[in-house]
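Colleague: Pasted the sequence and its predicted model underneath.
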Amino acid sequence: MERSKQVMIPLVAGLALGCAGCDRTSRADAGELIAAYTRATCVPPHALDRSVSNPTREWDDTFDLGSDVAVKIGASCAAGGSLKGKYSDEPEPRTIAGADDSLYPCDLRIDWMQMRLYVRAQNPDGASQRVALYEYDLQARRSPRESEVDPAVLPPRCEIAQEK
């Protein structure tokens, strides 16, 4: 009995430590999430001030979801930025991807066939190398997957929209 306790304690401790960095997706799901983000269509950001070398990327776009429902997306890749969605059939906007202490929405892509919005969140100033990907189901109004990812495996961010 004493020997089994010695084996079980490291096993349980190892399982707990192995999950300490877990997020909402497995490694396989993270790979699928990266692939879906890469395939999705860019939602070009607008520049708050084009005269600076690294302009703030912002979005203020409306997507028609069918059945007389639309969602207006607003986001800013800056300190305190988050991604909000205001559905035409709801009185209040909802947070789609919230900012934490150092990550802000800096790239948006949409998969029109699946009605999924993909959000790349990172620190716009490069103060942190952390990058998170969020998948948001625009129809179901929920986020089924999110994961911290290696920025080296991601495509470049979408180009800033040219002003008309």
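Modeller: Looks like it arrived, so ask away.

Colleague: For the longest strand anywhere in the chain, C-alpha coordinates in CSV please.
Modeller: Taking DSSP state E as the criterion, the chain has its longest strand at strand 57-66. Extracted as CSV, the C-alpha positions of strand 57-66 are listed here (Å, rounded to 0.1, in the frame of the first residue of the first chain):
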residue,chain,number,x,y,z
ARG,A,57,-6.2,49.6,-36.1
GLU,A,58,-9.9,50.0,-35.6
TRP,A,59,-13.1,48.3,-36.9
ASP,A,60,-16.6,49.7,-37.2
ASP,A,61,-18.3,47.2,-39.5
THR,A,62,-21.8,45.8,-39.9
PHE,A,63,-22.4,42.2,-41.0
ASP,A,64,-25.8,41.0,-42.3
LEU,A,65,-26.6,37.6,-40.8
GLY,A,66,-29.8,37.0,-42.6
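
Colleague: Strand partners (parallel or antiparallel) of whatever helix or strand comes next after it?
Modeller: Where DSSP states H and E defines the elements, the next helix or strand beyond strand 57-66 is strand 69-76. Paired strands of strand 69-76, with direction, are strand 57-66 (antiparallel), strand 83-87 (antiparallel) (DSSP bridges).

Colleague: ok, and for the last one, which residues are buried?
Modeller: Using 16 or more other Cβ atoms under 10 Å as the burial criterion, the residues of strand 83-87 that qualify are 83-85, 87. Every residue, glycine included, has its C-beta placed from N, CA and C.

Colleague: export stretch 68-78 as CSV, just CAs?
Modeller: Included here for stretch 68-78 are C-alpha records, laid out as CSV according to Å, rounded to 0.1, in the frame of the first residue of the first chain:
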residue,chain,number,x,y,z
ASP,A,68,-33.4,40.6,-40.7
VAL,A,69,-30.5,40.4,-38.2
ALA,A,70,-27.2,42.2,-38.4
VAL,A,71,-24.3,42.7,-36.0
LYS,A,72,-22.3,45.8,-35.8
ILE,A,73,-18.7,45.1,-34.8
GLY,A,74,-16.5,47.7,-33.0
ALA,A,75,-12.9,47.2,-31.9
SER,A,76,-9.7,49.0,-31.4
CYS,A,77,-6.2,47.6,-31.2
ALA,A,78,-5.1,49.8,-28.4
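
Colleague: So which residues make contact with that stretch?
Modeller: 43, 45, 48, 56-65, 81-89, 93, 96-97, 104-106, 108, 117, 119, 124, 138 (Cβ atoms under 8 Å, 6 or more residues apart in numbering).
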